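In: Sequence and predicted structure are below.
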Amino acid sequence: MKRILITGAAGFLGSHLCDRFIKEDYHVIAMDNLITGDLRNLEHLFKLENFEFYHHDVTNFVHIPGKLDYILHFASPASPIDYLKIPIQTLKVGALGTHNLLGLAKEKKARILIASTSEIYGDPLVHPQTEAYYGNVNTIGPRGVYDEAKRFMESITMAYHRFHGVETRIVRIFNTYGPRMRLNDGRVIPAFIGQALRGEDLTVFGDGSQTRSFCYVDDEIEGIYRLLLSDYSLPVNIGNPHEITIKDFAEEIVKLTGTDQKIIYKPLPKDDPMQRQPDISKAKALLGWEPKVSRADGMKMTYDYFKSLPDEELYKKDH
Ligand code: NAD
Ligand code: UDP
C-alpha cells in the first residue's frame, strides 16, 4: 500500500485530498495543528485502519516513522482574514514548514507536491495568467506575508529539485470552493452565503468590478491528483477559467439563495487583485485535465452544504 503524508489535512482542501487518497487505497497520514482547520472535516476517517492523524505544527521538525511515498504540503492559512490575523505563522509555514517537508521528502525519497497559489501573480498585469508570468506582488503590503511565503515556497522547492534531485510538483491553485469551507473564514463564497442565510446585506468590497474565477473542489482535487502522478516538475495552474465580477457574483448568490438581500459596498482591501483568471492550457495538454462542474451546479452543492450546518455555526465569530 502506498503511504502519503497530507499536511493541512483538517482544512478544506486537505480533508478532500484525504478522502480522495483513501478512495484510491492509500495509507493516509494526516497532519494539522488545527490553527484554521477543524477535526470534524476528518472525523468520518478516524475509524479506518489506513488513516492516522498527527496533531503537529509543521514549522517544527517533522518525523514520520516508516516508508513514505508521497507528501502533499497543504498546511497554510489560506483566506485573507486568516493570514492577516496570523501573519508570522503564515510566513513560517510557507518557509520553515516547506523546508522541513522538503527535508523529509529527501530523507524518505518521497515525491512532494506543494500547494502554491494564484496569489503569486499578485495584482496581475497579464491576463489571463499563464505560468510564464512572473507576477506583480507588493512585498511589504498586508497580503505580502502570504504571497511571498508562497513565492519562497516555489523557489526552495525548485532548489531541492535541482540541487538534491528531490521529485517535486508545484500546483498553482486558483480560487476553489465547496463543502467544508469555514463559514466565517471571510472568503467571498462563505461570506456571501453566510450573509444571505443570516438575512444580512451582502458586502461587496470596492465597486465589485474586480474579477475572480471559481473552481469547484472536486475538479481541483482531480487536477492535483493528476499532477502528483505526472512527471512534470514545473508549476501548473489548476483552476476554472470561467471569470465573473464580484458584483455579478453577488447577484447570482441572491438569486441562488432565493432571498432578497440588498448588496452594499465596503472599501476594497489593500492590494486586492483586480482580475484573476487562469490560463489552463498547460494542465489540459500535460494532464488531460479541465474543470467539469459548472458554477451553477457547484454553487448549488455548496449552498446545500452551508444550509445543512447547525444554526450556531452561522453566528460563530472566531475559529
Ligand atoms: P484551510 O485554512 O481550510 O486549510 C489549511 C490547513 O492548514 C488548516 O487545517 C490549518 O489548521 C493547517 N495549518 C496551518 N498552519 C499549519 C502548521 N503550521 N502546521 C500544521 N498545520 C497547519 O485552507 P484551504 O483552502 O484548504 O487551503 C489549503 C492550501 O491550499 C493552503 O496551502 C493554501 O494556501 C492553498 N490554496 C488554497 C486555495 C483555495 O482557494 N482554497 C487557493 C490557493 C491556494
Ligand atoms: N470580497 C467581497 N466581499 C466579501 C469578501 C470578499 O467583495 O465579503 C471580494 C474580495 O475583495 C475579493 C474577492 O471577493 O475581490 C475574492 O475574495 P476572497 O477573499 O474569496 O479571495 P481572494 O481575494 O484571495 O481571491
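Out: Happy to help now that I have it. Ligands and ions are numbered 1, 2, ... in the order given.

In: Okay, buried residues for stretch 201-212 please.
Out: The neighbour-count check on stretch 201-212 (16 or more other CB atoms under 10 Å) flags 202, 204, 208, 210-212 as buried. Yep, even glycine has a C-beta here, placed from its N, CA and C like the rest.

In: Helices of the stretch 51-200 of the chain, start to end?
Out: Along the stretch 51-200 of the chain, counting by DSSP state H, counting those that start in this stretch, helices occupy 80-85, 87-92, 98-108, 144-164, 188-198.

In: so where's this protein shaky on pLDDT?
Out: Scanning the chain for pLDDT under 70 picks out no residues.

In: How about the residue of the chain positioned farthest from its centre: what's its closest non-neighbour residue?
Out: Using CA atoms, centre = their mean, the residue of the chain lying farthest from its centre is residue 260. It sits 30.6 Å away. Spatial nearest neighbour of residue 260, excluding adjacent residues (CB to CB, 6 or more residues apart in numbering): residue 254 at 7.1 Å.

In: Can you give me the distance of that neighbour to ligand 1?
Out: Separation of residue 254 from ligand 1 (CB to the nearest ligand atom, to the nearest Å) stands at 22 Å.

In: Show me which positions of the helix or strand containing that residue end up buried.
Out: Here residue 254, judged by DSSP states H and E, is contained in helix 246-257. Using 16+ other CB under 10 Å as the test for burial, helix 246-257 gives 246-247, 249-251, 253-254, 256-257.

In: which helices and strands does that helix pack with?
Out: Other helices and strands packing on helix 246-257, by 3 or more CB pairs under 8 Å, 6 or more residues apart in numbering; DSSP states H and E, are helix 188-198, strand 202-205, strand 211-213, strand 263-266, helix 295-307.

In: How about the residues of the chain by ligand 1?
Out: Residues of the chain lying near ligand 1 by CB under 6 Å from any ligand atom: 7-8, 10-14, 32-37, 57-59, 74-78, 93, 97, 115, 117, 173, 175-176.

In: Which members of those are positioned in strands?
Out: Residues of the residues of the chain next to ligand 1 located in strands (DSSP state E): 7, 32, 115, 117, 173, 176.

In: Tell me who's in contact with residue 282.
Out: Counting by CB atoms under 8 Å, 6 or more residues apart in numbering, residue 282 touches 130-131, 236-237.

In: do the same with residue 144
Out: For residue 144, the contacting residues are 137-138, 271, by CB under 8 Å, 6+ apart.

In: and the helices and strands packed on helix 246-257 as a markdown table, adding distance to residue 180?
Out: As requested, the helices and strands packed on helix 246-257 are exported to a markdown table (distance: least, CB to CB, whole Å):
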| stretch | distance to residue 180 |
| --- | --- |
| helix 188-198 | 10 |
| strand 202-205 | 22 |
| strand 211-213 | 19 |
| strand 263-266 | 26 |
| helix 295-307 | 8 |
